[in-house]
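Novice: everything below, folded, please.
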Amino acid sequence: MTIYQKIIVHGKVQGVSFRKSAAQKANELSVKGYVINLSDGTVMMEAEGYQASMDEFIEWCYIGSVMSDVKKIDIMSGEVKGYKSFRIKK
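Specialist: Numbers count the residues shown, from 1 in each chain. As a prediction, this is how the structure comes out:
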């Protein structure tokens, strides 16, 4: 069963290839949705996938890209939206 989660990542997550790395990890795990930088310095993702894939993706989010420094993650569940791919929004 596919689940949906909105993920907000706090810390040093902009300008450190976080979005690109998140997209690579999402595609590796068949997670669909998108990632975007927010004006407050956080990164927000809407992600959908099977429970095991989502668990692994969120585990990755706590680590992030090589140069990122994740301080905190907020996760909210919601209705599945039916994304077909995972993309980086500008």
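
Novice: all contacts plus neighbour counts: C-alpha atoms, from now on.
Specialist: OK.

Novice: which residues touch the closest residue to Ser17 other than its chain neighbours?
Specialist: Taking C-alpha to C-alpha, 6 or more residues apart in numbering as the measure, Ser17 lies nearest to Ser65, with 6.4 Å between them; neighbours along the chain are not counted. Applying C-alpha atoms under 8 Å, 6 or more residues apart in numbering, we find Ser65 in contact with Val16, Ser17, Phe18, Ser21, Ala22.

Novice: the protein: helices as residue ranges?
Specialist: Secondary structure of the chain (DSSP state H): helices at 18-28, 51-63.

Novice: count the residues that sit near the nearest residue to Ile75 once chain neighbours are set aside.
Specialist: Taking C-alpha to C-alpha, 6+ apart, and ignoring the residues beside it in sequence, Ile75 has Ile7 as its nearest neighbour in space, at 4.7 Å. Using other C-alpha atoms under 10 Å, Ile7 is surrounded by 19 other residues.

Novice: strands of this structure, start to end?
Specialist: Per DSSP state E, the chain has strands spanning 2-12, 32-37, 43-50, 69-78, 86-89. These are given in chain order.
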